[in-house]
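A.B. asks: Pasting the sequence and the predicted model now:
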Amino acid sequence: MQIDELKKELNKEQFEAVTTLEGPLLIIAGAGSGKTRVITYRIAHMLESGIPQSQILALTFTNKAAKEMEERVKALTGKKLQNLTVSTFHAFGVKILRQDINRLGWRENFSIYDDVDRNQLIKETGKELGFTADALDVFKIGNLFSNIKIGRWDWQSANDMYKPLYEGYQEGLKLFNAVDFDDLIGLPIKLFHEHPDVLEKYRNRYKYIMVDEFQDTSLQQYEFMHLLADKNVAVVGDDDQSIYSWRGANYENILQFEKDFPDVKEIRLEQNYRSTETILAAANGVISHNTNRKDKSLWSGNGSGKPIEIYMPENEAAEADFIVESIQGIAMNEKRKYDDFGVLIRANTLSRAIEEAFLQSNIPYTMSGGTSFFQRKEIKDIISYLRVIANHDDDINLLRIINTPRRGIGRKTIEQINEIANSQGCSLWTSITALLSAQESPLGEKTKQDLQDFVNLITTQRASLLGGKGLAKKVKAMVEEINYWDYLITEYQKNEKAARFKFLNIESLINSIETWENNPDNFDSGLYAYLNRITLLSRDDMEDANLKGKVNLMTIHASKGLEFPIVFIAGAEEGIIPHARCLEEDPNNIEEERRLFYVAITRAQDKLFISSCQKRRKMQNVVECVPSPFLDEIPANLVEYHQPETEVSCDRAIEILEMMKNKFTI
DNA sequence: TTTTCTATCAGCAAC
DNA sequence: TGATAGAAAA
């Protein structure tokens, strides 16, 4: 694309951002200001200015963003992008580790542990070290370890007691040839520090670096970027949309960036192309209550549009019905497709009632986020098989599958194996094979046979899965070999539907493997490559094709970077948003919760609905709810309030009547 | 010793 | 509602 063409398609600031290729660049991009557009045009412009693909590195947070970016650059330039690196931070870390992790004492076929695996390992280690059950809150400890690793927290006297556990956990990881998510950034940094030649290799290669969603980088990620970056580094972010502080996001990195790169050029994108003026004004009204922010004035030239509607349904079922009816009505009257709708919730648990309503009225939908596909037990089981097959020493995954489906290897046996493993300092797998080949073994004949069968199973599957093409077929054969279907049926005797559903999930897993290995852009369709990819995949992906024509139900966090013509924010109640637990931890978190609400509002293009239930089921009992205080921060003239029609208490009815009277007598 | 049954507990966001 | 830990049954 020629320069004057760029000039035509972009506004002044965007043009500036796209054409400034040399030197450090900080782009503050307000919500809906065409950020993705700027990044993709910038890459395209680089390529046309003769910068080789191999010198460009673009880092994002989600696979979805990476994929979208790559596709848009492809569409813009019409070029094949074999050497362009567009990747998530974590995936890029994996890439580095696969090359050189042996210098740190791991083998290249290392496993990547997700949170569930991590917590499992903490639990095992803690038990061995003699922690009592109530001192072993693995959720909290896992969080602690993560925060230590990413440099958000230091060891303090309050949690010093977990230090030995931390050491044990780290030893465990290394013994099992595994790394956790935080290591995917932390170990490359270590590698760079201890082996400057490795760092040099990457610094020589990547001359142009770009970081998307910069406000969500952690200290650790910042250090990683800083090590890699020479001078041509462009970061794009919006402090108002920083919503990942609990994962270590530190928007003060923006200030740090200005310090570390004093000759930085700063560009602000303040024109919003996404939303109506009403929606934008509501968002601005809310976010202006935050004290700790870079002041900016977003404006929109899209016309005022329709008012924001706030509903107060009786309970979560009524809320779900309201959403369903509104969607059906609008879809019909305005000829909207279902994928024009986004339904946003604060927490995954809130999805249930809405999903039920969608199912009942046959509205197609996708729920992304939360207990993602890959966290489901049945999927984890199958993946665990693959992981153990790829890496025998992966104890955590071995433990998951050694008796799933049941094959007579129970707690006692595992304890015995574990004892040997501990005394020898080896993995469970090594311990098992040692026990099997030992002349004298403490195991009974039957257990011995059961273990031998298991070892044989893994060995034959390994030979099959690691050789040649056709991964999907082989995985399918494996699932049949281990009789997983029978297992599901016996486990869920009372609930055949659940069993079927789980089996369908496995089938779609196999299908997704198949599409993956048949993808022509995929150079390596082996087992290792597949496992590498899959651990980093969380909510998005599977297939985009089946997102078409479906309502998008998701958490607000998951909606970052997306937009929908019509948006519903459900459960806008005190305690949900702002979330009670967040405020408990630290009252200052209110600002982050407000940003979250801001992100939710700014997803909407044309029309925004907000609902706040009067009552809601929480655990076993129904509790009264109060509307979110953030609702009052939306300027009143932008809002249309709708009171519920049914089942109003007497007092309430009088109150409402009064209000109506007042309205008409003004 | 392993499996099945029952009671109890806890539930925020994600790479 | 689901997952998990401990008790009873096979």
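C.D. replies: All right, it came through fine. Residues are numbered from 1 along each chain as shown, chains lettered A, B, ... in the order given.

A.B. asks: CA atoms of stretch A:396-412 as PDB?
C.D. replies: What follows is stretch A:396-412, C-alpha atoms only, in PDB (Å, rounded to 0.1, in the frame of the first residue of the first chain):
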ATOM      1  CA  ILE A 396       1.400 -35.700  37.600                       C
ATOM      2  CA  ASN A 397      -0.100 -36.900  34.400                       C
ATOM      3  CA  LEU A 398       0.900 -40.400  35.000                       C
ATOM      4  CA  LEU A 399      -1.000 -40.300  38.300                       C
ATOM      5  CA  ARG A 400      -4.000 -39.100  36.500                       C
ATOM      6  CA  ILE A 401      -4.200 -42.000  34.200                       C
ATOM      7  CA  ILE A 402      -2.600 -44.900  35.900                       C
ATOM      8  CA  ASN A 403      -5.900 -46.000  37.200                       C
ATOM      9  CA  THR A 404      -8.200 -44.300  34.700                       C
ATOM     10  CA  PRO A 405     -10.000 -46.300  33.500                       C
ATOM     11  CA  ARG A 406      -9.800 -48.500  36.500                       C
ATOM     12  CA  ARG A 407      -7.200 -51.200  36.100                       C
ATOM     13  CA  GLY A 408      -6.700 -52.300  39.700                       C
ATOM     14  CA  ILE A 409      -3.800 -50.100  40.500                       C
ATOM     15  CA  GLY A 410      -5.000 -48.500  43.700                       C
ATOM     16  CA  ARG A 411      -3.800 -46.200  46.400                       C
ATOM     17  CA  LYS A 412      -1.700 -48.800  48.200                       C
END
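
A.B. asks: That one close to DNA strand B?
C.D. replies: Yes: counting by CB under 7 Å from any atom of the strand, DNA strand B has neighbours in stretch A:396-412: A:Asn403, A:Arg406, A:Arg407, A:Gly408, A:Ile409, A:Gly410, A:Arg411, A:Lys412. Backbone N, C-alpha and C define where each C-beta goes, glycine included.

A.B. asks: If we go by neighbour counts, what in the strand or helix carrying A:Val73 is buried?
C.D. replies: Using DSSP states H and E, A:Val73 falls within helix A:63-77. Using 16 or more other CB atoms under 10 Å as the test for burial, helix A:63-77 gives A:Asn63, A:Lys64, A:Ala65, A:Ala66, A:Lys67, A:Glu68, A:Met69, A:Glu70, A:Arg72, A:Val73, A:Leu76, A:Thr77.

A.B. asks: Can you get me the start-to-end distance on stretch A:246-257?
C.D. replies: The straight-line separation of the ends of stretch A:246-257 (CA to CA, to the nearest Å) is 21 Å.

A.B. asks: buried set for that stretch?
C.D. replies: A:Arg247, A:Gly248, A:Ala249, A:Asn250, A:Tyr251, A:Asn253, A:Ile254, A:Phe257.

A.B. asks: Which SSE is immediately downstream of the helix holding A:Val73?
C.D. replies: strand A:85-88.

A.B. asks: what sits up against the following helix or strand past that next one?
C.D. replies: Per DSSP H and E, the first helix or strand lying C-terminal to strand A:85-88 is helix A:89-100. Here helix A:89-100 makes contact (CB atoms under 8 Å, 6 or more residues apart in numbering) with A:57, A:59-61, A:63, A:66, A:85, A:87, A:106, A:108, A:110, A:112, A:179, A:181, A:184-185, A:187-188, A:191, A:195, A:198, A:202, A:217, A:221, A:224, A:532-533, A:536.

A.B. asks: now helix A:89-100 against helix A:63-77, angle please.
C.D. replies: Orientation check (axes from the mean of the first three to the mean of the last three CA atoms, to 10 degrees): helix A:89-100 against helix A:63-77 gives 90 degrees.

A.B. asks: Can you point out the buried residues in helix A:89-100?
C.D. replies: For helix A:89-100, burial by neighbour count (16+ other CB under 10 Å) applies to A:Phe89, A:His90, A:Ala91, A:Phe92, A:Gly93, A:Val94, A:Ile96, A:Leu97, A:Asp100.

A.B. asks: Take those residues and lay them out in a markdown table including pLDDT and distance to DNA strand C.
C.D. replies: Output for these, formatted as a markdown table (pLDDT from 0 to 100; distance: CB to the nearest atom of the strand, whole Å):
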| residue | pLDDT | distance to DNA strand C |
| --- | --- | --- |
| A:Phe89 | 93 | 28 |
| A:His90 | 91 | 24 |
| A:Ala91 | 90 | 27 |
| A:Phe92 | 94 | 31 |
| A:Gly93 | 94 | 28 |
| A:Val94 | 91 | 26 |
| A:Ile96 | 95 | 32 |
| A:Leu97 | 94 | 28 |
| A:Asp100 | 93 | 35 |
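
A.B. asks: Pick the one among the residues you listed closest to A:Lys123.
C.D. replies: A:His90 (23.8 Å; CB to CB).

A.B. asks: can you count the residues close to A:Lys615?
C.D. replies: Neighbour count for A:Lys615, taken as other CB atoms under 10 Å: 15.

A.B. asks: sorry, that was for A:Ile590
C.D. replies: Neighbours around A:Ile590, by other CB under 10 Å: 16.

A.B. asks: Nearest residue to it in space, ignoring adjacent ones along the chain?
C.D. replies: In this structure, A:Ile590 finds its nearest non-sequential neighbour in A:Pro578, 5.5 Å apart by CB to CB, 6 or more residues apart in numbering.

A.B. asks: from what I can see the one you found touches A:Arg594, true?
C.D. replies: Yes: between A:Pro578 and A:Arg594 there is a contact at 7.4 Å, judged by CB atoms under 8 Å.

A.B. asks: what touches both of the two?
C.D. replies: With CB under 8 Å, 6+ apart, A:Pro578 and A:Arg594 have common neighbours A:Phe630.

A.B. asks: Which stretches in the stretch 401-550 of chain A count as helices?
C.D. replies: Along the stretch 401-550 of chain A, counting by DSSP state H, counting those that start in this stretch, helices occupy A:411-424, A:428-437, A:445-466, A:471-481, A:484-491, A:496-518, A:527-536.

A.B. asks: Check which element follows the last one along the chain.
C.D. replies: What it means is helix A:527-536. Helix A:527-536 is succeeded, C-terminally, by strand A:551-555 (DSSP H and E).

A.B. asks: picking up where we left off before, so how far is the helix holding A:Val73 off the chain centroid?
C.D. replies: Taking CA atoms, centre = their mean, to the nearest Å, one finds the center of helix A:63-77 at 19 Å from the center of the full chain.

A.B. asks: Check the helices of the stretch 401-550 of chain A for me and report the most buried one.
C.D. replies: Of all the helices of the stretch 401-550 of chain A, helix A:527-536 carries the top mean neighbour count, a mean of 20, counting by mean count of other CB atoms under 10 Å.
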